[in-house]
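Q: Sharing a model prediction with you, sequence too.
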Amino acid sequence: MPHRPITLRSPLALTLAAAVGAALLTPLAGAASPAPVCVRSPSGALELCTYAQGGHAYYRLQRDGVALLAPSELGLVFAGEQATPVRAGRVVQRGSHDEHWQQPWGEERVIRDHHNELRVNFSSTRKERSFDVVFRLFDDGLGWRYEYRQIPAGAAVAISDERTEFNFADRYQAWWFEAHHPANLEAVYQHADLEAVRSAELPFTIERPGTLMSIHQAALVDFASMYLQGRGKGRFKAALYPWADGIAVRKTGPFTTPWRTVLVGSTPAQLADSRITLNLNEPSKIADTSWIKPMKYAGVWWEIHLGKGTWKSGPEHAANTANVKRYMDFAQRSGLGGVLVEGWNEGWDGDWGKGVEFRFDRPYPDFDTGEITRYGKSLGVELIGHHETGGATENYASQLERGMDYYRDFGVAAVKTGYVANGGHYPRTAANGTTVYEWYAGQYMVNFHARVNAAAAARHISVVAHEPVMDTGLRRTWPNMLSREGARGQEYNAWGKPTNAPEHVTILSFTRMLAGPMDFTPGIFDLEFGKTVVDQRVQSTLANQLALYVVLYSPVQMVPDLPENYAKYPDAFQFIRDVPVDWERSRTLDSVIGDYAIVARQQRGAPDWYLGAVNDENARSVTVALDFLEAGKRYEATIYRDASDADYRSKPQAYEIVRQQVAAGDKLTLAMAAGGGCAIRFRALD
Ligand code: NOJ
Ligand code: CA
């Protein structure tokens, strides 16, 4: 298929566009008038209006004349201060922007950034509390951020709370889990009426027939992560994970907040295909991205989770040179780019959750980093490094440069980081020498992750962060932030207390995945691993596991099961060999949150398409139109589907592979078992 041309617009073109855009927008109210100031999205469908009333700033949002968000407050609260009244919003600037930009890797090669912008100033008698709000209206949602530009340079600022509200104008069903979870972002999604939500992590997705919204943030830099507090009757307030002393955010001098975002769609698919989060991030700070490599990778990993080897040293130690070489051989045979090895370094012997024992340049004696990386190079397989911190950030910080140097010197190009700790228990030494505990998503940890990433980037190392702060699209600015965890992944299916229910993966596409790529680690073939109790094992069929490679986007996808388990199903394993990790374009198809999710993606730089469909616990058939395929081309579809007797409870490994020729305009009916799925490769024939 021909590539869409990229229009990179010159500053002059943008200025002209701004002038034209301004002329097309809603006429302005007089500068000093209390009348609302409004801006529409490029198609006109979304309209946002903002104004001040009673000394407070507000916005409201409507779509096609129907209210989505009723008047909701804007702004921040500063520590120890009463609200400083603001005056009517004065339009400072309007503009419109239409640009295509290219991702070095991603779910979509070329992204369109098409929005109208409105900058409004809310002034206060205390000029340092005056602020601008910059709104960007896209056709599929909006973002805004606050700019406190009149704070004197060098002045210390303490923000204690956020005023931002989201007062939904209608009744909705919500998909969410509570904030302040001890397992960070690894909680089971709940589904209930909006009224039931007391607090929520982001992205927070709500739906009613024909209308869906998802609240999130973009470009979370040097700020605390936001979550929502429910106040009943569809009213929500933004809140910030505070420092141990209760201050939410500390800044110096003038500052800009991250973007607050609302995705709006008529279908779940429209939310999933929105690129607003990326569009609201800054362009790449890494000029040469050639060293950043999407890849599939194996790991000395799942066997440890199954209890077949240990992280700690001793007779069962999994990260030994011979075992790593065995996985490297498997990776080479299977066309995988790397092998992740956990438990390779000193520190895993005691209660490794404490973290202070980890040494980032000291392998256990049976792990020969030089020999392993030499062997890997001879096979064309990379060692993927691992830095588990146990949440002991100061211990890690004291070795960060050394630890990254160590990997760079062995030619390691990607490191998985880990921060296993209770969500509110990241120790930090305060100025008075006492130990205080920070939130996993407060400003301290947000900045810590940024520091680790910068140290890695300086050495041409990419990062896959587990126990991360939720993604906010920063991979655009730092393309070496390859992927993150940030939800219950496959590992929960080894632990059995209980494992992920089938519907979990049908919810992720419309919640967690709206934030960015996830290192879920799909692809387990031995779904039962000797367990007879269903909720103690992987609650899916084998076809479902294949489909996850397409459904859950990540530029690094693990192939986690034991090599001997893949060897039992070579025909199904062919899908894992074939499926790419870098895409030309992605289209989410008809999906129902919590029931099934279907995604089609075109391989980057090739005409082939792939489709993944995952199903919840109820068997169902769904018919999909193949109109994403290029018109006029014929494709051979290789369909990996549940056999007619497959069921995640009784026959999870029952699959069949069928081939048929198809073209755009055809329809396919996907029959999915309970806990099942379907994975398809569409190979272009002409
Ligand atoms: C949690 C990570 O998510 C998992 O992948 C890892 O194996 C363990 N921590 C131990 O490092
Ligand atoms: Ca369901």
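A: Happy to help now that I have it. As the structure is a computational prediction, the values presented were derived from the model and not from experiment. Residues are numbered from 1 along each chain as shown. Ligands and ions are numbered 1, 2, ... in the order given.

Q: Could you look up the SS state of the closest residue to ligand 1 within the stretch 501-650 of the chain?
A: Nearest residue of the stretch 501-650 of the chain to ligand 1: Thr521, at 7.3 Å (Cβ to the nearest ligand atom). No exception for glycine: its C-beta is placed from N, CA and C like everyone else's. Put simply, Thr521 is coil when judged by DSSP: H, G, I helix; E, B strand; the rest coil.

Q: Dihedrals phi and psi, it?
A: phi 70, psi 70 (degrees, to the nearest 10).

Q: begin at 22 from here
A: Yes, from this point I'll number from 22; that puts the last item at Thr542.

Q: Contacts only, for the residue in the stretch 72-221 of the chain that ligand 1 sits nearest to.
A: Nearest residue of the stretch 72-221 of the chain to ligand 1: Glu207, at 8.2 Å (Cβ to the nearest ligand atom). Taking Cβ atoms under 8 Å, 6 or more residues apart in numbering, we find Glu207 in contact with Glu506, Ala508, Arg509, Gly510, Tyr513.

Q: So what's the gap between the longest helix along the chain and the chain middle?
A: Scanning the chain for the helix with the most residues, using DSSP state H, yields helix 414-430. Per Cα atoms, centre = their mean, to the nearest Å, the displacement of helix 414-430 from the mean C-alpha position of its chain is 25 Å.

Q: helices and strands around it, which ones?
A: In terms of contacts (3 or more Cβ pairs under 8 Å, 6 or more residues apart in numbering; DSSP states H and E), helix 414-430 is packed against strand 403-409, strand 447-450, helix 464-478.

Q: For ligand 1, find the nearest of these.
A: Across the helices and strands packed on helix 414-430, closest to ligand 1 is strand 403-409 (Cβ to the nearest ligand atom), at 4.4 Å.

Q: same question for the closest one, mean pLDDT?
A: Per-region confidence: strand 403-409 scores 98 on mean pLDDT.

Q: Next: stretch 639-654.
A: Stretch 639-654 comes out at a mean pLDDT of 98.

Q: does it come close to ligand 2?
A: No: using Cβ under 5 Å from the ion, we find that stretch 639-654 stays clear of ligand 2, coming within 6.7 Å at best.

Q: Between the two ends of that stretch, what distance do you get?
A: End-to-end distance of stretch 639-654 (Cα to Cα, to the nearest Å): 35 Å.

Q: If you count neighbours, what's buried in that stretch?
A: For stretch 639-654, the neighbour count (16 or more other Cβ atoms under 10 Å) marks Ala640, Val643, Val645, Leu647, Phe649, Leu650, Glu651, Lys654 as buried.

Q: What's the local residue count around the closest residue to the first one other than its chain neighbours?
A: Leaving aside its sequence neighbours, Ala640 sits nearest to Ala695 (Cβ to Cβ, 6 or more residues apart in numbering; 4.8 Å). With neighbours defined by other Cβ atoms under 10 Å, the count for Ala695 comes to 21.

Q: Please apply the same query to the one 4 residues further on.
A: Number of residues near Cys699 (other Cβ under 10 Å) recorded here: 30.

Q: doesn't Ser642 make contact with it?
A: No: counting by Cβ atoms under 8 Å, Cys699 sits too far from Ser642 to count as a contact (10.2 Å).

Q: Okay, helices next: where are they in the chain?
A: So, for the chain - with DSSP H - the helices run 32-45, 289-293, 297-300, 323-326, 342-355, 390-400, 414-430, 464-478, 513-516, 525-529, 563-572, 584-588, 591-599.

Q: Can you lay out the ones you listed as a markdown table showing distance to Leu249, mean pLDDT and mean neighbour count?
A: Output for the helices of the chain, formatted as a markdown table (distance: least, Cβ to Cβ, whole Å; pLDDT from 0 to 100; neighbours: other Cβ atoms under 10 Å):
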| stretch | distance to Leu249 | mean pLDDT | mean neighbour count |
| --- | --- | --- | --- |
| helix 32-45 | 32 | 34 | 13 |
| helix 289-293 | 17 | 98 | 23 |
| helix 297-300 | 17 | 98 | 25 |
| helix 323-326 | 33 | 98 | 21 |
| helix 342-355 | 42 | 98 | 19 |
| helix 390-400 | 45 | 98 | 16 |
| helix 414-430 | 26 | 98 | 18 |
| helix 464-478 | 18 | 98 | 20 |
| helix 513-516 | 24 | 98 | 19 |
| helix 525-529 | 17 | 98 | 26 |
| helix 563-572 | 26 | 99 | 30 |
| helix 584-588 | 41 | 98 | 15 |
| helix 591-599 | 38 | 98 | 17 |
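
Q: Which stretch among those approaches Ser311 most closely?
A: Closest of the helices of the chain to Ser311 is helix 464-478, at 13.3 Å (criterion: Cβ to Cβ).

Q: Now the closest one - C-alpha only, PDB.
A: Only the C-alpha atoms of helix 464-478 are listed here, as PDB (Å, rounded to 0.1, in the frame of the first residue of the first chain):
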ATOM      1  CA  GLN A 464       6.700  13.600  41.700                       C
ATOM      2  CA  TYR A 465       9.700  11.800  43.300                       C
ATOM      3  CA  MET A 466       9.100   8.600  41.400                       C
ATOM      4  CA  VAL A 467       8.100  10.400  38.200                       C
ATOM      5  CA  ASN A 468      11.400  12.200  38.300                       C
ATOM      6  CA  PHE A 469      13.300   9.000  39.300                       C
ATOM      7  CA  HIS A 470      12.000   7.100  36.200                       C
ATOM      8  CA  ALA A 471      13.000  10.100  34.000                       C
ATOM      9  CA  ARG A 472      16.500  10.100  35.500                       C
ATOM     10  CA  VAL A 473      16.900   6.300  34.900                       C
ATOM     11  CA  ASN A 474      15.700   6.700  31.300                       C
ATOM     12  CA  ALA A 475      18.000   9.600  30.600                       C
ATOM     13  CA  ALA A 476      21.000   7.600  32.000                       C
ATOM     14  CA  ALA A 477      20.000   4.700  29.800                       C
ATOM     15  CA  ALA A 478      19.500   6.900  26.700                       C
END
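
Q: on that earlier part again, ok, now how distant is the residue of the stretch 522-671 of the chain closest to ligand 1 from His326?
A: Remark: distance between Thr542 and His326 (Cβ to Cβ, to the nearest Å) = 10 Å.

Q: What sits closest to Gln557 if chain neighbours are left out?
A: Per Cβ to Cβ, 6+ apart, closest to Gln557 is Gly517, 3.5 Å.

Q: right, and the one you found touches Val555 too?
A: No: here Gly517 does not reach Val555: they are 10.1 Å apart, not a contact under Cβ under 8 Å.

Q: Look at the two and report which has more neighbours.
A: Neighbour count, other Cβ under 10 Å: between Gly517 and Val555, Val555 has more, with 17 against 14.

Q: Tell me who's in contact with the more buried one.
A: The contact partners of Val555, by Cβ under 8 Å, 6+ apart, come to Tyr669, Arg670.

Q: For the most centrally placed residue in the chain, list the residues it contacts.
A: The chain has Gly537 as the residue nearest its centroid, 2.5 Å off, counting by Cα atoms, centre = their mean. Shown in contact with Gly537 (Cβ under 8 Å, 6+ apart): Thr298, Asp492, Thr493, Gly494, Arg496, Ser504, Arg505.
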